[in-house]
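> Predicted coordinates and the sequence they were generated for:
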Amino acid sequence: SLTAGTSAAFSVSSLADRLVVTQVNGGSNPTAGSTFSVVVQAQDSVGNAGNVNAATDVALSLDTGTGTLGGTVTGTIAAGSSQVTISGVNYTKAETGVKLGAARTSGDSLIPAVSSAFTVDAGAASRFVVMGSGTQTAGTPNAVTVTAEDANGNVATSYSGDHGITFSGAGASASPVTAPTVTDKTGSPVAFGSSTTLTFANGHSTAGGSMVLAKAETANIVATDGSVTTTGADRLAVSVSAAAVAKLAVTTTAASPQIAGGTFSVTVSAEDAFGNRSTTYGGTVALASNDGQATLPAAYTFVPGDAGQKTFTGVVLETAGARNVSAGDGSVSGSAGVTVSPAAAATFDVSAAGAQTAGTAFTTTVTAKDAYGNTATGYTGTAHFTASDGQAGLPSDYSFTGGDSGVHTFTNGVTLKTSGPQTVTAT
């Protein structure tokens, strides 16, 4: 029987023959686009750290992943040391299962390494991508989704909860003025330019975002939250078309006022409820007026080349006062007001009671009228009187004033002395 013995202490040294990636970002997930560190160690075959004999350069590479590895990817294990920390490494893609390779490029001969798989998280939101339908009819909703992305195009999953988003990139309609809107998380419409509260989950909007545009145009929709916004191809391009024809818009080239008997043009545009022109309109339009003496063009059937708008020429109104020109196709209509003023005086109208007593003075009224029967309110010429009765007593020549407004009464100014039918004439 022998008593157990213990040797004197001795040292066991390791002989490094390989590289091992022992740590990535201190054990935490790196963030895409942000720098992180990688520790590479020289080890022996059983996992002991071993010093290198000569300074050994190490280079990192991407073994598994779809992103881009960049930043500082080289380092040196100093002679007599076992590891190097490579700081300033950068990776662009937020994803799982990323692996890095490490290989010596000079110094001791060491077997290359492949790291354990790790996950790269997305960075903070730096831009929005707006998605939805690229075509839309004015006044109808378009379901829009906003996605927050980091600087490298990864979905910014940390952008969650309620956020105030301001939309822009679309105009208001003209007639009536109707602003573009998008619903908030409660479904209430909010005008572009005002903060709209949307709910996000993992970088995607999930509540709110029903967009209604009223102006026919090509809009480029932008979403903004402070410094986070939408640019370039991330904007949603929407071609907005006019809705169904709801009215005929009528405009004229008539002066204000328009002189009776003068010609002007009338333009008729087929429009939807927001004032957008319907370029495919093909109805038959007839013009009308509350002026019974109006001269109007014949009815017209729109053709594709009109693009929903037609100008009618040769319109004439002859009756002074507040007039209109209307257009209708039996289903929709519209009108424009025209103020008509009298033309130049063309004739006098002399009025008096029908039966008079010879030798008795009576009252006559002289009215200056234009060629269309309107009182020439601006007439300031001189009226001269004659009568078929050679013995008549007549007023002296009279010069109209602006205060007469084309009408003057001569009280007891005429006396006829010869019985029978007689006339009094003003020229």
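Great, that's in hand. Keep in mind it's a predicted model, so treat the numbers as computed, not measured.
> quick one, what contacts residue 21?
Contact analysis of residue 21 by Cβ atoms under 8 Å, 6 or more residues apart in numbering lists 38-41, 100, 102, 113-116. For the C-beta atoms, the positions are set from N, CA and C on the backbone; glycine is no exception.
> Dump those residues into TSV; add neighbour count and distance to residue 124 as well.
Listed next are the contacts of residue 21 as TSV, based on neighbours: other Cβ atoms under 10 Å; distance: Cβ to Cβ, whole Å:
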residue	neighbour count	distance to residue 124
38	24	23
39	19	26
40	27	29
41	24	32
100	25	24
102	26	29
113	22	32
114	16	30
115	21	25
116	11	26
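> between those residues, which is closest to residue 305?
residue 100 (66.1 Å; Cβ to Cβ).
> same for the one helix or strand that closest one maps to, what does it pack against?
Assigned by DSSP states H and E, residue 100 belongs to strand 95-106. Under the contact definition 3 or more Cβ pairs under 8 Å, 6 or more residues apart in numbering; DSSP states H and E, strand 95-106 sits against strand 18-24, strand 36-43, strand 56-64, strand 113-114, strand 118-120.
> Which of the residues in it are classified as buried?
Neighbour counts using 16 or more other Cβ atoms under 10 Å place 95, 98-104 of strand 95-106 among the buried residues.
> Mind listing the residues bridging to residue 91?
residue 69 (DSSP bridges).
> what's the span of stretch 398-406, first residue to last?
12 Å (Cα to Cα, to the nearest Å).
> Revised request: answer the last question for stretch 244-258.
34 Å.
> how far does that stretch sit from the chain's center?
Chain-centre distance of stretch 244-258: 25 Å, with Cα atoms, centre = their mean, to the nearest Å.
> Show me what the mean pLDDT comes to for that stretch.
Across stretch 244-258, pLDDT averages out at 98.
> can you check stretch 54-74 too?
Mean predicted confidence for stretch 54-74 is 98.
> List the neighbours of it that are in contact with it.
Contacts for stretch 54-74 (Cβ under 8 Å, 6+ apart): 19, 32, 35, 38, 40, 42, 75-79, 84, 86-93, 95, 97-108, 110, 114-115, 117, 120, 152.
> Please repeat the previous calculation with a cut-off of 7 Å.
The contact list for stretch 54-74, computed with Cβ atoms under 7 Å, 6 or more residues apart in numbering, reads 19, 35, 38, 40, 75-79, 84, 86-93, 95, 97-108, 110, 114.
> Please apply the same query to stretch 253-269.
By Cβ under 7 Å, 6+ apart, stretch 253-269 touches 248-252, 277, 285, 287, 308-318, 320, 325, 327, 338-343, 370-372, 374.
> and those residues, which of them are in strands?
248-252, 285, 287, 309-316, 325, 327, 338-341 (DSSP state E).
> and residue 370, what is it in contact with?
Residue 370 touches 260, 342-346, 376, counting by Cβ under 7 Å, 6+ apart.
> try it again with 6 Å
342-343, 346, 376 (Cβ atoms under 6 Å, 6 or more residues apart in numbering).
> Which two among those residues are spaced furthest apart?
342 and 346, at 9.9 Å, using Cβ to Cβ across the contacts of residue 370.
> These two: which is more packed in?
Between residue 342 and residue 346, counted using other Cβ atoms under 10 Å, residue 342 has the larger neighbour count: 27 against 15.
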